[in-house]
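Peer 1: just coords:
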């Protein structure tokens, strides 16, 4: 689909252990396919992360930005954006 940047896919591939006990992807192509299959979302900032998670029914209103960033579903990207994977 081309929706996810190389940086995004590589970040998920290297850090998938924060969300899953066992790897769900062994290589770049598998990681990209997994992100597409689970409709992972890229958010521009933590406000967008909070809004998305609230829309998905998660109770994040009382969480600080630091607590939100520590959620296992949230992957900080090197460019300042966030990848949200609701595995």
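Peer 2: Arrived safely, thanks for sending. In this text the structure is predicted, and so the values were computed from the model without any measurement. Residues are numbered from 1 along each chain as shown.

Peer 1: Count the neighbours of the closest residue in space to residue 15 that isn't next to it in sequence for me.
Peer 2: Excluding the flanking residues, the one nearest residue 15 by Cβ to Cβ, 6 or more residues apart in numbering is residue 75, at 5.8 Å. Every C-beta, even on glycine, is put in place using the N, C-alpha and C of the backbone. Neighbours of residue 75 under the rule other Cβ atoms under 10 Å: 22.

Peer 1: Make sure residue 75 is indeed in a helix.
Peer 2: No - counting by DSSP: H, G, I helix; E, B strand; the rest coil, residue 75 is not found in a helix; it is strand.

Peer 1: does it really touch residue 81, like I thought?
Peer 2: No - if you go by Cβ atoms under 8 Å, residue 75 and residue 81 don't touch, sitting 9.5 Å apart.

Peer 1: circling back: residues contacting the residue nearest to residue 15?
Peer 2: 11-12, 15, 18, 82-85 (Cβ atoms under 8 Å, 6 or more residues apart in numbering).

Peer 1: Could you identify the helix or strand that succeeds the host helix or strand of residue 42?
Peer 2: For residue 42, the host element (DSSP states H and E) is strand 41-43. Beyond strand 41-43 on the C-terminal side, the first helix or strand identified by DSSP H and E is helix 46-55.
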